[in-house]
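# predicted model and sequence follow; I will ask about them next.
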Amino acid sequence: MKIYEKAPAKINLLLDVLRKREDGFHEVEMIMTMVDLADRLEMEELPRDSIMISSQAGYIPLDEKNLAFQAAKLIKDRYDVHKGVYIHLDKKIPVAAGLAGGSSDAAATLRGLNRLWGLGISEAELCELGAELGSDVPFCVTGGTAIATGRGEKLERIHNPPQCWVVLAKPPINVSTADVYGKFRVNELKQHPSKANMVNAISRGSFTDICNNLGNVLETVTLQLYPEVRQLKESMERLGADGVLMSGSGPTVFGLVSKEAKVSRIYNGLRGYCKEVYVVRMLT
Ligand SMILES: C[C@](O)(CO)[C@H](O)COP(=O)(O)OP(=O)(O)OC[C@H]1O[C@@H](n2ccc(N)nc2=O)[C@H](O)[C@@H]1O
Ligand SMILES: Nc1ncnc2c1ncn2[C@@H]1O[C@H](COP(=O)(O)OP(=O)(O)OP(=O)(O)O)[C@@H](O)[C@H]1O
């Protein structure tokens with residue numbers, strides 16, 4: 001039997017850091033949602049007890065460093081499953097982009113193997129397993145729109161934002177999440193974005209207020225390290241996106257756009273100098 005799972009990309013509409021913790025992680029407050037740019041996973045049981053990963057993407061690890069491999073291993077060990085699985089990853093989400101591509105593959109693997117092997121694991125338990133793999137994985141297990149706290153693993157589901165276009169642009173640089181958090185200094189922050197205002201804007205379905213309350217404190221690090229990310233933000237704003245922000249630790253920048261007529265202008269304007277530009281919709 002073959003089963004399929006979609007692994008969508010996430011964007012952070014808001015990312016605030018409250019403090020650095022003793023365990024080295026940062027206490028965050030984030031609002032995350034999914035967009036319809038997704039990897040597609042195909043899973044099939046193997047006749048022997050092993051995990052095999054393949055992908056058309058030549059630039060990701062296919063061994064135990066792959067987050068889908070780690071997810072399969074975790075579920076096998078924890079639930080004492082002596083079966084094998086072959087997982088093919090059709091990668092569409094750019095790698096190391098701030099879009100949680102690897103985390104979403106891990107989450108899709110947990111959901112998929114739960115189905116394939118009929119394990120009956122609850123969503124809450126899948127989230128707990130996911131948290132062992134990475135801070136973004138629990139959110140990728142549940143999807144939707146959520147407030148994420150703790151190191152990102154504590155989730156509170158909220159309404160989806162109103163439907164709009166999302167233009168994603170990734171400059172050709174790789175950003176390490178650990179490096180960005182490592183260089184972040186919370187006491188140097190001049191301003192925190194308002195979670196309350198964003199939650200309020202989303203619950204009222206106000207696209208304008210969502211755009212006006214976008215905020216990501218990790219921009220203070222990534223925009224400093226990589227001026228091309230700042231330039232990309234400025235270009236998107238100039239081209240007429242209604243709200244513009246860097247996602248996660250970057251380097252992908254997203255623009256929210258309400259009117260379809262504006263989208264092709266922004267896409268064409270960016271494509272002049274940025275190879276990886278995607279026009280997608282919010283997943284609502
Ligand atoms: C930037 C975001 O993607 C925004 O959604 C997340 O906060 C990071 O999530 P992630 O990539 O799943 O992160 P993890 O794989 O758990 O951690 C990678 C590294 O980022 C740093 N890290 C991550 C999350 C967090 N709340 N505080 C941190 O300081 C840690 O140095 C950690 O070693
Ligand atoms: N299934 C996978 N897909 C993509 N990258 C993977 C995968 N498994 C492991 N990796 C590795 O994980 C690293 C981060 O890739 P990923 O695309 O998940 O980053 P990201 O989008 O910045 O994640 P986040 O937003 O959660 O910080 C890369 O160095 C990549 O080699």
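Alright, I've got the coordinates. Ligands and ions are numbered 1, 2, ... in the order given.

# name the residues of the stretch 1-150 of the chain found near ligand 1, please.
Residues of the stretch 1-150 of the chain lying near ligand 1 by CB under 6 Å from any ligand atom: 12, 15, 24-26, 28, 30, 100, 103, 134-136. Backbone N, C-alpha and C define where each C-beta goes, glycine included.

# drop anything exposed from those residues.
In those, burial by neighbour count holds for 12, 15, 26, 28, 30, 100, 103, 134-136, counting by 16 or more other CB atoms under 10 Å.

# between the residues you listed, which sits nearest residue 146?
For these, the closest approach to residue 146 (CB to CB) belongs to residue 30, at 8.5 Å.

# once you drop chain neighbours, what's closest to that closest one?
The shortest distance from residue 30 to any non-neighbouring residue, by CB to CB, 6 or more residues apart in numbering, is to residue 148 (4.4 Å).

# which residues touch the one you found?
Contact criterion CB atoms under 8 Å, 6 or more residues apart in numbering gives 28-32, 138-139, 154-155 as the residues in contact with residue 148.

# so which helix or strand takes in it?
With elements taken from DSSP states H and E, the one containing residue 148 is strand 145-149.

# neighbouring strands - and their directions - for that strand?
strand 26-46 (antiparallel), strand 154-158 (antiparallel) (DSSP bridges).

# quick check: which of these is buried the most?
With neighbours defined as mean count of other CB atoms under 10 Å, these peak in mean count at strand 26-46, which reaches a mean of 20.

# just the residues of the stretch 1-150 of the chain next to ligand 1: which are in strands?
Using DSSP state E, the members of those that fall in strands are 12, 15, 26, 28, 30.

# and the helices in the stretch 51-200 of the chain?
All helices of the stretch 51-200 of the chain, identified by DSSP state H, counting those that start in this stretch, fall at 67-78, 101-116, 123-133, 137-142, 177-183, 195-204.

# ok, which of those comes nearest ligand 2?
Each of the helices of the stretch 51-200 of the chain was scored for nearness to ligand 2 using CB to the nearest ligand atom, and the closest is helix 101-116 (2.6 Å).
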